[in-house]
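[1] what shape does this take:
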Amino acid sequence: MLLALLDTLTKDARPLTVLDTHAGAGLYDLWGEAARKSGEAAEGVVRLMAEPDPPASCAPLKRAVQAANRSGGLRFYPGSPLLALDALRDGDRFIGCELRPEEHRALARLAAGRGRRRMEIDIRLADGFSVLAEGGAGRGRRLVLVDPPFERGDDYVRILEAVGADVARGGDAVHAVWTPLKDLQTFDAFLGGVEALGRGLAVEARLRPLTNPLRMNGCAMVLLGATAVLDAVEPPARAAAQWVTGTLGHPGAEARLERFG
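    Numbers count the residues shown, from 1 in each chain. As a prediction, this is how the structure comes out:
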């Protein structure tokens, strides 16, 4: 869905700022210990890259993964900063925030290799929630990506506070929030808070019934933005969510899309 958003927003000639509040390292080694331990790659991108006939909406991601593995095979996975940097144009701006020093250094090195175009790249060792709440994305055209690790109990509250502060500034903004799906009560409460901020689209990939809050039962992307942007990204988002649940889901898996506002 991120690539569909970037494709839609970069068709407008006006400059675009992308703020990634929890940017991470930008590129991930699927052979590394963390990736092997989680097993997420084997259940996700490995299946996608082996899929002979995925939906057209997945093709841009497949191309991006192939570009990150120019020597062939499948070792590296591009994170949201790399996807954004490769999509942005001269005159655009990228702000990447990361609190972990090691990942911040890795992201800075990665961004330095993408600095040949005349766009502003700002990699900060900073709390992305605070940067967003304090107006770090500016007031112009902006895409705000919010993808925290959800390691703290107040992450949902901080998302609503930071996004709410940025929405209140007005301007032409799209906010894209990734969340895990564990139990329905937690997600519904969060979605209720987002709905109070404006019009949007919630895309859910429920891989299992949302009955066990101790396990990740799927994921969701919640968007806030102009109707034209939501209209453009809804069809590819629907196709991708249906592929994910149909290919990777357990019995009872379901893709859901809901417009609000």
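
[2] tell me the SS of residue 160?
    Following DSSP: H, G, I helix; E, B strand; the rest coil, residue 160 is assigned to helix.

[3] am I right that residue 204 is in contact with residue 255?
    Yes - the pair residue 204 / residue 255 is scored as a contact, 6.9 Å apart, by Cβ atoms under 8 Å. C-beta coordinates here come from the backbone N, C-alpha and C atoms, glycine included.

[4] and for the two, which residues touch both?
    residue 241 (Cβ atoms under 8 Å, 6 or more residues apart in numbering).

[5] check contacts around the residue lying closest to residue 119 once chain neighbours are set aside.
    Nearest in space to residue 119, with sequence neighbours left out and distances taken as Cβ to Cβ, 6 or more residues apart in numbering, is residue 92 at 4.7 Å. Shown here is residue 92, whose contacts under the criterion Cβ under 8 Å, 6+ apart are 10, 15, 16, 17, 18, 119, 120.

[6] and stretch 240-250, what's buried?
    240, 241, 242, 243, 244, 245, 249 (16 or more other Cβ atoms under 10 Å).

[7] returning to that earlier point: neighbour-wise, which of the contacts of residue 92 leads?
    residue 18 (29 neighbours; other Cβ atoms under 10 Å).

[8] may I see the buried residues of stretch 184-193?
    Neighbour count says stretch 184-193 has 187, 190, 191 buried, by 16+ other Cβ under 10 Å.

[9] related to what we said a few turns ago, now for the contacts of residue 92: which two are most distant?
    By the measure Cβ to Cβ, 10 and 120 form the most distant pair in the contacts of residue 92, at 15.4 Å.

[10] biggest strand in this structure by residues?
    strand 173-181 (DSSP state E).

[11] which SSE is immediately downstream of that one?
    helix 184-195 (DSSP states H and E).

[12] could I get that following helix in PDB with only the CA atoms?
    Extracted C-alpha coordinates of helix 184-195, given in PDB (Å, rounded to 0.1, in the frame of the first residue of the first chain):
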ATOM      1  CA  LEU A 184     -10.700  -6.900  18.200                       C
ATOM      2  CA  GLN A 185     -11.300  -4.700  21.300                       C
ATOM      3  CA  THR A 186      -7.900  -3.000  21.100                       C
ATOM      4  CA  PHE A 187      -8.100  -2.400  17.300                       C
ATOM      5  CA  ASP A 188     -11.700  -1.100  17.500                       C
ATOM      6  CA  ALA A 189     -10.800   1.300  20.300                       C
ATOM      7  CA  PHE A 190      -7.900   2.600  18.200                       C
ATOM      8  CA  LEU A 191     -10.000   2.900  15.100                       C
ATOM      9  CA  GLY A 192     -12.600   4.800  16.900                       C
ATOM     10  CA  GLY A 193     -10.000   7.400  17.900                       C
ATOM     11  CA  VAL A 194      -8.700   7.700  14.300                       C
ATOM     12  CA  GLU A 195     -12.300   8.100  12.900                       C
END
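
[13] contact partners for residue 245?
    Shown in contact with residue 245 (Cβ under 8 Å, 6+ apart): 205, 206, 207, 218, 253, 254, 255.

[14] got those residues as JSON lines, with secondary structure columns?
    Listed next are the contacts of residue 245 as JSON lines, based on three-state DSSP:
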{"residue": "205", "secondary structure": "strand"}
{"residue": "206", "secondary structure": "strand"}
{"residue": "207", "secondary structure": "coil"}
{"residue": "218", "secondary structure": "strand"}
{"residue": "253", "secondary structure": "coil"}
{"residue": "254", "secondary structure": "strand"}
{"residue": "255", "secondary structure": "strand"}
